[in-house]
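Colleague: Could you look at this predicted model? Sequence included:
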Protein chains: 2
Amino acid sequence: MDKLQIHIVINSNLYTKNPESSELGKKIVSTSIEMINDLGFESFTFKKLGNQIGSNESSIYRYFDSKHALLVYLISWYWSWIEYKIVFSTANLNSSKDKLLTAITILTEDITEDNTFSYIDETLLHKIIISESAKAYYTKDIDEENQKGFYKTYKKVVQRVSDIVLEVNPEFEFPHMLISTVIEGAHHQRYFSKHLPSLTDVVEGKNNIVRFYNDLVLKTILT
Amino acid sequence: MDKLQIHIVINSNLYTKNPESSELGKKIVSTSIEMINDLGFESFTFKKLGNQIGSNESSIYRYFDSKHALLVYLISWYWSWIEYKIVFSTANLNSSKDKLLTAITILTEDITEDNTFSYIDETLLHKIIISESAKAYYTKDIDEENQKGFYKTYKKVVQRVSDIVLEVNPEFEFPHMLISTVIEGAHHQRYFSKHLPSLTDVVEGKNNIVRFYNDLVLKTILT
DNA sequence: AATATATGATAGTATTACTATTAATAAAGA
DNA sequence: TCTTTATTAATAGTAATACTATCATATATT
């Protein structure tokens, strides 16, 4: 069966030339995802990317102002994709509680299968989100960038799930804190489980991260 | 009244020459805290630090291998200090629940007053922990560094508070995940409240971060 | 065939994150 | 007091980074 082709549209502030408008642009995006995963964001450079794809540093700069801009683009893409997943998966659910648990699961689960989009590997992108996304928004330029809408898609996801929280319990005082805590927390836990395991209680094959956060959310808003 | 003078001892892997052993060393530490706050970690350099303190880049390298090593040193110092605060504040408490709430408060509260140690400004250091500490452990070298004990003091704090969680509820399955989620969460919330406020529900003067996490912890482990 | 557009190649710049060497100075021991 | 040692300062140098600028070439469109 053919996969559903959904188009994710990215705010034009996030690139100088739209990478979706050319083969080179798509190659830049897909290969940067691989290379950031392999090298880590610090060691990743446009020069290395150019070599890898048989193109030139200067050509890459025509699409993205800087490697930071590229990272922000990837993060924005990721959150648009997550939003789509949440909307799609909760559309047919009647119970707010089911909606909430579905959303929390999407936000906290591991991503392993290949997905809808041809040139973006969501599994690798998810790893970048875990390991590198804090580097995007812990910048001195955060306020300026935020004003330009760089983090809009992330904020939209938090807002959407916070709204579901309020459907479940309209009295709950801290829906945004809860959801952003869960999102960031799940990413930290996945990273810690690999590198600083004593900060977690992750056990192979038990899906503890998803269980922990689903449980935490329900207990926090329902008692 | 004189302040209590506690000495925080730092693992000798975290420096090449102990900064506490000289005036220059202390100056390096205290001024780096100011400068990292002002410039952000990326724009902070040993050259600039040297200029600021009327010393030379090469002299600073004798104390710390790299600016990354200096950041790790500061983080380690911070967690030793937090551990001391927790031990001190919970020593006289009989109830495990009180101990837990005291510890969670220490981990999530804002730090505003000047404190015990002469040459380290804990208020500024706390800000560095919030804005820069993820950059220390989201590195490609994390496993190697972890093995050398670079993150020991952080892990000790998580372990200590997790033990209190288990005193309150010995059946609770995820004490480490809960505490590391709370610690990282509180830091994110403080940062978000300033720069991405729609991700939080922080209201001036209401101490919502501390309230939210204390409430979350109790509900999660007691229901 | 002419023109516009996208890409490639090359060169150049200021800065960074160091390393290495040597000189000057201060403290400590004989 | 003289000498040794330790500490810090000064200078120079390096490879790499994160760009910018310019110009040439290939490809597509009219």
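Modeller: Ah, there it is.

Colleague: mind listing the helices in chain A by residue range?
Modeller: With DSSP state H as the criterion, chain A has helices at A:23-39, A:46-52, A:57-61, A:67-90, A:96-108, A:122-137, A:142-147, A:152-168, A:175-195, A:208-222.

Colleague: So, low pLDDT: which residues of chain A?
Modeller: A:1-5, A:114-117 (pLDDT under 70).

Colleague: so what's the residue lying closest to A:F192 once chain neighbours are set aside up against?
Modeller: Using Cβ to Cβ, 6 or more residues apart in numbering or on different chains and skipping residues adjacent in sequence, the residue nearest A:F192 is A:L199, 4.3 Å away. No exception for glycine: its C-beta is placed from N, CA and C like everyone else's. Taking Cβ atoms under 8 Å, 6 or more residues apart in numbering or on different chains, we find A:L199 in contact with A:H188, A:F192, B:Y154, B:K155, B:V158, B:H176, B:M177, B:S180.

Colleague: ok so, going back, can you tell me which of the helices of chain A is nearest to B:I60?
Modeller: helix A:122-137 (24.4 Å; Cβ to Cβ).

Colleague: Report the buried residues of the closest one.
Modeller: By neighbour count on 16 or more other Cβ atoms under 10 Å in any protein chain shown, the buried set for helix A:122-137 is A:122, A:124-137.

Colleague: and which of those is nearest B:K48?
Modeller: Closest to B:K48, out of all of these and judged by Cβ to Cβ, is A:K135, at 21.1 Å.

Colleague: separation between that closest one and DNA strand C?
Modeller: A:K135 sits 13 Å away from DNA strand C, going by Cβ to the nearest atom of the strand, to the nearest Å.

Colleague: residues touching the residue nearest to A:I129 when sequence neighbours are not counted, list them.
Modeller: Excluding the flanking residues, the one nearest A:I129 by Cβ to Cβ, 6+ apart is A:Y78, at 5.3 Å. Residues near A:Y78 by Cβ under 8 Å, 6+ apart: A:E122, A:L125, A:H126, A:I128, A:I129.

Colleague: Hmm, A:Q52 is touching A:T31, no?
Modeller: Yes. A:Q52 is within contact range of A:T31, at 5.7 Å (criterion: Cβ atoms under 8 Å).

Colleague: Could you check which of those two is surrounded by more residues?
Modeller: A:T31 (17 against 14; other Cβ atoms under 10 Å in any protein chain shown).

Colleague: Quick check: closest non-adjacent residue to that one.
Modeller: A:I53 (5.1 Å).

Colleague: sorry, back to before: which of the contacts of A:L199 sit farthest apart?
Modeller: B:Y154 and B:M177 (14.8 Å).

Colleague: Which single residue of chain A approaches DNA strand D most closely?
Modeller: A:S66 (3.0 Å; Cβ to the nearest atom of the strand).

Colleague: can you count the residues close to that residue?
Modeller: 10.

Colleague: go on, the one 3 residues further on?
Modeller: Taking other Cβ under 10 Å as the criterion, the count of residues near A:A69 is 19.

Colleague: What separation do you get for it and A:L14?
Modeller: 7 Å (Cβ to Cβ, to the nearest Å).

Colleague: interface residues of chain A facing DNA strand C?
Modeller: A:K17, A:S22, A:E23, A:L24, A:G25, A:G54, A:S55, A:N56, A:E57, A:S58, A:S59, A:R62 (Cβ under 7 Å from any atom of the strand).

Colleague: which one of those residues has the most neighbours?
Modeller: A:G25 (20 neighbours).

Colleague: In this structure A:N18 contacts A:K26, no?
Modeller: No. If you go by Cβ under 8 Å, A:N18 and A:K26 don't touch, sitting 10.3 Å apart.

Colleague: Out of the residues of chain A next to DNA strand C, the closest to chain B would be?
Modeller: Nearest to chain B out of the residues of chain A next to DNA strand C is A:E57 (Cβ to the nearest Cβ; 21.1 Å).

Colleague: tell me which parts of chain A are close to DNA strand D?
Modeller: So far as Cβ under 7 Å from any atom of the strand goes, chain A lies against DNA strand D at A:E42, A:S43, A:T45, A:F46, A:K47, A:E57, A:S58, A:Y61, A:D65, A:S66, A:K67, A:H68.

Colleague: Having no further points to raise, I will conclude here.
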